[in-house]
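Undergrad: Sequence first, then the predicted structure, then my questions.
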Amino acid sequence: AADKINLIPQDFFAELCEQIIQHLNHKIPGVNTAELCQRIQTSGIELNVGDLSKIANVISFLFSTAARNHLSAEELITILGNAVSVLPKHAVQVIRHLWNEQGKSISESEDARSMATVGQFVDIKWKLGVAMSSDTCRSLKYPYVMVTLTVADPSGQITDKSFEMTIPQFKNLFRQFQEMAAVLETV
């Protein structure tokens, strides 16, 4: 991941680290690496989402481990210097600055040991469609519901999951949500 960090300009790397810290502090549900990667590519830098996600995972692990061990900025940089001598200078500067400014808040936010181990719901989008025809049937007129769930996995990576449902499947899902809402009313 260190060789890919070299490709990322300091301002984008700082934004990535800032989003990771906000995620670890439970201020945002996750890090939108797809959107950040698109902006990096628009600026003319060749980097794919997979590589940026790996970098985000490494930085997230770095910050959460440092929080768990209550490291100061200087202790973190010393350990980084001993373990990874290939990090670019701008990355080390960003890590030092952000950890110095906000590292303590991660340590205190939830004692970093109990970081979430499940994903988190971010958003849902849906649309109703009608399949008009296919290669085997001229006149389908078959309604369906297209659902896109946006979720943040435990590391904070935001992804979209899309699927289609028939109307009976959608009604079943809706009924289950009604049951959940009824149970929540009793709590």
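TA: That came through, no problem. Residues are numbered from 1 along each chain as shown.
Undergrad: show me what contacts Ile95?
TA: 17, 59, 62, 76-77, 80 (Cβ atoms under 8 Å, 6 or more residues apart in numbering). Glycine gets a C-beta too; all of them are placed from N, C-alpha and C.
Undergrad: Pick the one among those closest to Lys104.
TA: Nearest to Lys104 among the contacts of Ile95: Leu76, at 12.0 Å, using Cβ to Cβ.
Undergrad: still on that earlier bit, can you redo the contacts of Ile95 as a markdown table with secondary structure?
TA: Below are the contacts of Ile95 laid out as a markdown table (DSSP: H, G, I helix; E, B strand; the rest coil):
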| residue | secondary structure |
| --- | --- |
| Cys17 | helix |
| Ile59 | helix |
| Leu62 | helix |
| Leu76 | helix |
| Ile77 | helix |
| Leu80 | helix |
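Undergrad: Out of the residues you listed, flag the one nearest to Arg68.
TA: Comparing the contacts of Ile95 against Arg68 with Cβ to Cβ places Leu62 closest, at 11.0 Å.
Undergrad: Run through the residues that contact the closest residue to Cys17 other than its chain neighbours.
TA: Counting by Cβ to Cβ, 6 or more residues apart in numbering, the nearest residue to Cys17 once its immediate chain neighbours are dropped is Leu98, at 5.1 Å. Contact analysis of Leu98 by Cβ under 8 Å, 6+ apart lists 14, 17-18, 21.
Undergrad: domain parsing for this structure?
TA: Following the assignment in the TED database, the chain carries domains at 1-116, 120-185.
Undergrad: Tell me which of those is the most buried.
TA: domain 1-116 (a mean of 17; mean count of other Cβ atoms under 10 Å).
Undergrad: can you give me the mean pLDDT across that domain?
TA: The average pLDDT for domain 1-116 rounds to 83.
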